[in-house]
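In: Just need the structure, nothing else, for what follows:
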Amino acid sequence: MTNEFEEEQYIPPTTQCTAWILVKGPAYGIEGMIGTVLINARAIHPWAKNHHERTWSSVLANRQGLGHLIDWTASISEDRSVVTLIDKHQHEVLVPHCSKFMKKPEDFLMWCPECGSSHSEYKDSTEQLSKQGSRSNWIERWHCPNDHLIFEKQHEIVYL
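Out: I've put the predicted structure just below:
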């Protein structure tokens with residue numbers, strides 16, 4: 001009999017980590033993601049160690065996924081012809097921090113389907129839609145250097 005409160009157990013990937021990890025893109029079904037963002041695994045490794053030491057998640061499988069990410073990114077295949085897809089729990093840990101890896105051109109590549117090429121720079125913008133009382137709405141956008149839309153998402157926060 002399964003306990004309805006039993007937490008999902010983390011099952012580490014069996015593939016070796018490659019130099020580039022696909023963090024955001026249509027492959028994951030991310031709403032508003034038109035292009036793809038690859039992050040250099042060498043940039044993820046030190047971040048994962050630091051993040052593991054300084055944060056805690058109430059989701060056991062996410063904590064385990066982050067712990068495994070440290071070991072996994074320590075031994076990277078140099079095969080640059082293959083991109084690594086991450087599992088659900090590694091994805092939940094990395095996606096909220098994706099833009100942190102997009103500050104140095106050597107740490108990320110953004111694929112623009114309209115250009116048909118990768119870029120190591122992008123333009124981001126935020127459009128405030130409304131701010132009324134405890135409710136705030138805005139749209140976040142990322143564009144390639146040629147102004148093609150890569151990502152667009154509407155956000156809403158209600159302060160209680």
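In: shaky segments in the chain?
Out: Applying pLDDT under 70 to the chain flags residues 1-6.
In: All the helices of it, residue numbers only.
Out: 41-54, 60-72, 88-94 (DSSP state H).
In: tell me, what residue is most central in this structure?
Out: Val95 (2.7 Å; CA atoms, centre = their mean).
In: Setting aside sequence neighbours, what's the nearest residue to Gln128?
Out: When the adjacent residues along the chain are set aside, Gln128 lies closest to Trp138, with 5.0 Å between them (CB to CB, 6 or more residues apart in numbering). To be clear about C-beta, it is placed using only N, CA and C from the backbone, and glycine gets the same treatment.
In: Count the neighbours of the closest residue to Glu92 other than its chain neighbours for me.
Out: Spatial nearest neighbour of Glu92, excluding adjacent residues (CB to CB, 6+ apart): Asn62 at 5.4 Å. Asn62: 20 surrounding residues under other CB atoms under 10 Å.
In: Might you report the residue contacts of Asn62?
Out: By CB atoms under 8 Å, 6 or more residues apart in numbering, the contact set of Asn62 is His89, Glu92, Val93.
In: can you redo the residues you listed as TSV with neighbour count and distance to Trp20?
Out: Putting the contacts of Asn62 into TSV (neighbours: other CB atoms under 10 Å; distance: CB to CB, whole Å) gives the following:
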residue	neighbour count	distance to Trp20
His89	23	20
Glu92	16	20
Val93	22	18
